[in-house]
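Q: model this:
(chains A and B)
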2 protein chains.
Amino acid sequence: MANKKISIKDIAKALGVSITTISFIINGKAEEKRISKEMVKKVEDYVAKVGYRPNHLAQSLRSGKSKVLVLMVEDISNSFFANIARLLEEKAFKNGYKIIYCSTENNTEKAKELIHTFKSRNVDGFIITPTAGLKNEIENLIKEDFAVILFDRWIPDLDCSHVIVENRRSSFEATQHLIENGAKKIVFITVTSDQTQMQDRLAGYLEAVKMAKMSPYVFEEPFHTSTEEFQGDQIKEYLLDHPDADALFFATNYLAFEGLHAIRKLELKIPKDVQVLAFDDHFFFSLYQPSISAIAQPLELIADKLMEGILIQLDDCGKSNSVEFKVELVNQFIQRKSTEFKV
Amino acid sequence: MANKKISIKDIAKALGVSITTISFIINGKAEEKRISKEMVKKVEDYVAKVGYRPNHLAQSLRSGKSKVLVLMVEDISNSFFANIARLLEEKAFKNGYKIIYCSTENNTEKAKELIHTFKSRNVDGFIITPTAGLKNEIENLIKEDFAVILFDRWIPDLDCSHVIVENRRSSFEATQHLIENGAKKIVFITVTSDQTQMQDRLAGYLEAVKMAKMSPYVFEEPFHTSTEEFQGDQIKEYLLDHPDADALFFATNYLAFEGLHAIRKLELKIPKDVQVLAFDDHFFFSLYQPSISAIAQPLELIADKLMEGILIQLDDCGKSNSVEFKVELVNQFIQRKSTEFKV
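A: Modelled structure (predicted):
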């Protein structure tokens, strides 16, 4: 009976090894994941010693566990979310889980309806990019012992697990990079949004220009997602009104695509006339001429941490510890030709 | 009791209206979908007359119906599949269905395992981009009365519903377009694959060059999906061996991305040195300089037809008519600067 209490989390803690690593070893993926034989032996010996049995076998014997997770993203056709979805699916599959996805389109009412529907359908957990206004629903999910983890953005006054990236710091450093390259008037181009990641990206920019005693220029388009047409006419109008803007910092990659249309229509040269930089990398940026500098989010690591964070909760199932796992990951700045030093 | 026999399909047939239209009207989406008031009245009058009640209400009262569909694509992070997924999810949601997605990575064993898992999990239907070798599994799904519809490619010797596009015709016409523009040596760049859509694209190219009494040049890379790195080194080597190639026809958009890397490395000018054309449009192609001509698949229509085809089966639930719905859709050729007339 005592053995029943041992969770994968306990093993991880006892051995000082990550939950993901232990999960791979237990699920026979050690070789594929290039985990050392020493590590495998160490974990297997410990598992044998304490008599641990993988929880998902136990779970599938219990009723009420569906081994299905819900992934609620803003828009599955956005390349960031599509890539995360691909990685999560792969990792979930290896851990015996299936994923139902849905797009909220940043519509709180749709998101509430989706949560309501899934709650009554016997799913085990929720991985959510929350819209504003979902606080109560998420609070209730936690109270009702669903595994819940947020990503991309979080809800400040709600105690819930999340995986985010260092938006503010990356934005601050990228703005400094533009300043070091000689930019005198940097425009931050974003969408109207009170989502934390958008606010943090803006804050990083504002901090850096303030520190350099420069004036901030923020152009805010109405909120929209990447599914809209990328014609950039609004950005073009803004640039016509600000002909001395010499650097554009786009808060998302799809905004950068719109901006590139605008820049082309105005026949501006990158980086001579205007430096260009985007938050969130895209394969397109390395192919475009000139190539576009970007802040790359660690997609694989985000997916790893999301699985780790939700497995902890599912493994301890019932003991609502969905508030304990809060991770902020480091991004990578990729300098390309669009922000070459030009003084 | 007689009313129970009336299905949405019967209404569609009786009124000569598509199932999708009737579904929208019954689900209160007529205004949003800009369906005329006359049509709404016609359908509502008929529905009242025959006493039809939406089947999904009945279904949710019945046990054994989960209102969950499985979407099995090759790779959810490929933009074509991600866009289809987004559209399908939206349409499924409006019809009261949820979608579980998974990526087969064109791995038959993984696909078999996924089908096996989902079969035992009470899903209602499968929307599948089949891998080679799935014939028996799909045949069994049909026998076991699951709703099944294939898309993107199909299995020639299997009688199963599908939604595909006119791969051969579009490929033939696009090749003729290159010839009319003065191309003398057109290379068709593809991946090793016996998938029907890839075979048909190749066949259309071969037919057109044969008709023009030109020699075919086919460069086949080992099979891979869009998640690999796009460096284009293999294509570069091929072009070094064929310096007189003056037009490149890429069988998929991700192959075109690789090709653009190669073209850039070789400092070739588009379209002066080499015309470029791709099967499957991408927002990137209109932004690239010069813009890239492409054959655009009708994404919205593909998703519409997939829902229509699966709803017919679910509506008639149990009466396995999954073999009746076979649709081949017309693509749109979008000419851009990469294939401008250059003689």
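
Q: burial count for the closest residue to A:Ala251 other than its chain neighbours?
A: Leaving aside its chain neighbours, A:Ala251 sits nearest to A:Thr190 (3.8 Å; criterion: Cβ to Cβ, 6 or more residues apart in numbering or on different chains). Just so you know, the C-beta spots here come from the backbone N, C-alpha and C atoms, and that holds for glycine as well. Using other Cβ atoms under 10 Å in any protein chain shown, A:Thr190 has 21 other residues around it.

Q: ok now do A:Thr190, which residues does it touch?
A: Residues near A:Thr190 by Cβ atoms under 8 Å, 6 or more residues apart in numbering or on different chains: A:198, A:201-202, A:218-221, A:250-252, A:255.

Q: One more pass at 10 Å, please.
A: Neighbour list for A:Thr190: A:198-199, A:201-202, A:205, A:218-221, A:223, A:249-252, A:255, A:279 [criterion: Cβ atoms under 10 Å, 6 or more residues apart in numbering or on different chains].

Q: Minimum distance to chain B, which residue of the stretch 151-300 of chain A gives it?
A: Across the stretch 151-300 of chain A, no residue is closer to chain B than A:Phe284, which sits at 5.2 Å (Cβ to the nearest Cβ).

Q: Can you name the residues that contact A:Phe151?
A: A:71, A:73, A:81, A:84, A:88, A:127-130, A:161-165, A:197, A:302-303, A:305-306, A:309, A:327.

Q: how near is it to A:Ser23?
A: Per Cβ to Cβ, to the nearest Å, A:Phe151 is found 19 Å from A:Ser23.

Q: coming back round to it: which SS class is the residue of the stretch 151-300 of chain A closest to chain B?
A: Three-state call for A:Phe284 (DSSP: H, G, I helix; E, B strand; the rest coil): helix.

Q: What is the neighbour count of it?
A: Residues near A:Phe284, counting by other Cβ under 10 Å: 23.

Q: so what's it closest to, chain neighbours aside?
A: Using Cβ to Cβ, 6+ apart and skipping the chain neighbours, the partner closest in space to A:Phe284 is B:Phe284 (5.2 Å).

Q: Quick check: closest non-adjacent residue to the spatially most central residue of chain A.
A: Residue closest to the average C-alpha location in chain A (Cα atoms, centre = their mean): A:Asp152, at 3.6 Å. Among residues not flanking A:Asp152 along the chain, A:Thr129 sits closest, at 4.4 Å (Cβ to Cβ, 6+ apart).

Q: Let me know the pLDDT of the one you found.
A: With respect to pLDDT, A:Thr129 has a value of 95.

Q: so how far is A:Glu300 from it?
A: 18 Å.

Q: Quick one: low-confidence residue ranges for chain A.
A: Low-confidence segments of chain A (pLDDT under 70): A:1-5, A:27-28, A:51-64, A:121, A:225-230, A:316-323, A:342-343.

Q: Helices along that one, start to end?
A: A:8-15, A:19-26, A:37-50, A:55-61, A:79-94, A:108-119, A:135-143, A:167-180, A:196-211, A:233-241, A:253-265, A:283-287, A:299-315 (DSSP state H).

Q: Would you tell me which of those gets closest to B:Lys65?
A: Evaluated over those, closeness to B:Lys65 peaks at helix A:108-119, with 14.6 Å, by Cβ to Cβ.

Q: name the helices or strands packed onto that closest one?
A: Judged by 3 or more Cβ pairs under 10 Å, 6 or more residues apart in numbering or on different chains; DSSP states H and E, helix A:108-119 is in contact with strand A:68-73, strand A:98-103, strand A:125-128, helix A:135-143, helix B:79-94, strand B:98-103.

Q: List the buried residues for it?
A: By 16 or more other Cβ atoms under 10 Å in any protein chain shown, the buried positions in helix A:108-119 come out as A:110-112, A:114-115, A:117-119.

Q: neighbours around the residue nearest to A:Asp152, how many?
A: Neighbours of A:Thr129 under the rule other Cβ under 10 Å: 24.

Q: same check, this time on A:Ser36
A: 9.

Q: Next up, the contacts around it.
A: Listed by Cβ under 10 Å, 6+ apart, the contact partners of A:Ser36 are A:30, A:42.

Q: now it: how far from A:Lys91?
A: As for A:Ser36, its distance to A:Lys91 is 20 Å (criterion: Cβ to Cβ).

Q: Repeat that for A:Gln176.
A: For A:Gln176 relative to A:Lys91 (Cβ to Cβ), the value is 35 Å.

Q: what does A:Leu206 give?
A: With Cβ to Cβ as the criterion, A:Leu206 and A:Lys91 are 36 Å apart.

Q: again, but for A:Asn253
A: Applying Cβ to Cβ, the value for A:Asn253 to A:Lys91 is 23 Å.

Q: isn't the residue nearest to A:Phe284 right up against A:His261?
A: No. Under the criterion of Cβ atoms under 10 Å, B:Phe284 makes no contact with A:His261, lying 11.8 Å away.

Q: To what extent is A:Asp244 buried, counted in neighbours?
A: When neighbours are defined as other Cβ under 10 Å, A:Asp244 has 7 of them.
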